[in-house]
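generate coordinates for the sequence data below:
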Amino acid sequence: MSVDLNGLDAFVRVAHSRSFRKAAAGMGVSPSALSHAIGKLEQELGVRLLNRTTRSVSPSPAGARLLARLQPALADVAAALDALNDERTMPRGRLRLNVPRPAAQLVLAPLLARWRAHCPDVALDIMASDAVVDIVEQGFDAGMRFGELLQQDMVAVPVGPDIRFAVCATPDYLARHGVPATPHALAAHECLQLRFPSGALYKWQFQHDGQPLEVATNGSLALDDLPALLQAALDGAGLCYTYEAYAAPWVAQGRLAYVLQDWAPPAERFYLYYPSGRHMSAALRALVDFMKANGP
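Residues are numbered from 1 along each chain as shown. Have a look, this model is predicted:
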């Protein structure tokens with residue numbers, strides 16, 4: 001049996017108010033339109049729900065039984081709609097983010113405690129992975145990438161500090177093998193290789209006099225983990241191309257030294273991105289605003 005839920009709601013309102021006029025005023029419709037809706041519902045159900053006289057309206061025995069069953073169900077529906085409205089207007093629930101591991105470490109990790117205090121009702125479920133994925137297909141609310149890796153049809157917001165890259169090695173390695181004067185001189189050096197999840201090796205990025213340069217380096221060690229590569233560099237295994245923020249503490253201690261600084265590419269920013277053309281939840285809006293407010 002197919003029954004119009006609006007008709008059921010109209011029946012409950014009339015049964016409660018015992019008046020078509022009062023119920024119609026509360027619903028913003030005319031008494032005649034409301035009477036027509038109740039008549040249609042009774043016809044669909046094949047039973048009289050309301051006893052009508054010129055002076056009063058009251059539920060019939062069948063109507064009273066239906067009303068007793070409907071009221072809890074309609075209260076549940078109202079509560080569900082209220083909860084949905086709260087989710088739309090109040091930051092709560094769970095957000096799933098897909099971010100590269102460096103972004104998790106350099107951008108998100110320093111902010112997590114502040115975010116927790118700011119939005120205690122929003123849980124962040126962060127997947128840190130260097131693989132480039134389709135966040136919509138994989139069920140993520142948002143992602144974080146450098147600009148050139150952003151998917152199409154996405155809204156992108158720059159977040160976090162400026163990200164710089166650097167080439168470094170131990171002073172002992174440089175003393176034994178020499179300091180490369182240009183990126184082309186890297187061909188004579190042991191360069192620690194970063195392997196992407198796709199299997200491809202990262203080509204080292206440089207820039208000089210405004211011109212970008214990409215160098216495919218050589219090396220006998222390849223890893224898919226930057227901290228492990230940095231540790232290999234600290235142990236004297238070769239030159240490492242890494243995030244400057246990773247190397248800076250070791251450079252400050254004198255355990256590593258920068259090379260090719262005049263060839264360093266310009267700073268980049270990570271972007272928090274999410275699908276365009278889709279209703280943004282209050283939780284995601286709160287995260288975007290939070291990241292903007294806690295930027296550089």
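
what about stretch 206-219, start to end distance?
18 Å (CA to CA, to the nearest Å).

give me the residues contacting it.
For stretch 206-219, the external contacting residues (CB atoms under 8 Å, 6 or more residues apart in numbering) are 183-184, 186-187, 189-193, 201, 203-205, 238-239, 241, 260, 262-266. Bear in mind the C-beta positions are built from the backbone N, C-alpha and C, glycine included.

only whichever of the residues you listed are buried, select them in PyMOL.
The buried residues among the contacts of stretch 206-219 can be selected in PyMOL (16 or more other CB atoms under 10 Å) with this line:
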select buried, resi 183+186+189+190+191+192+193+201+204+205+238+239+241+260+263+264+265
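
just the ones of the contacts of stretch 206-219 in strands?
If you go by DSSP state E, the contacts of stretch 206-219 have 193, 204-205, 241 in strands.

farthest-apart pair in those residues, please.
Greatest spatial distance in the ones in strands among the contacts of stretch 206-219: Gln193 and Gln205, 14.3 Å, computed using CB to CB.

let me know the distance separating Gly178 from Leu221.
19 Å (CB to CB, to the nearest Å).

next secondary structure after the helix or strand of the chain with the lowest mean pLDDT?
Across the helices and strands of the chain, mean pLDDT, DSSP states H and E gives its lowest value to helix 61-89, namely a mean of 70. Next helix or strand after helix 61-89 toward the C-terminus (DSSP states H and E): strand 93-99.

what comes into contact with that next one?
For strand 93-99, contacts defined as CB under 8 Å, 6+ apart pick out 87, 107-108, 121-129, 133, 135, 138-145, 270, 281, 283-284, 287.

avg pLDDT for it?
Mean pLDDT, computed over strand 93-99, is 95.

do the same with stretch 155-164
According to the model, stretch 155-164 has a mean pLDDT of 93.

check stretch 177-187 too.
Stretch 177-187 comes out at a mean pLDDT of 96.
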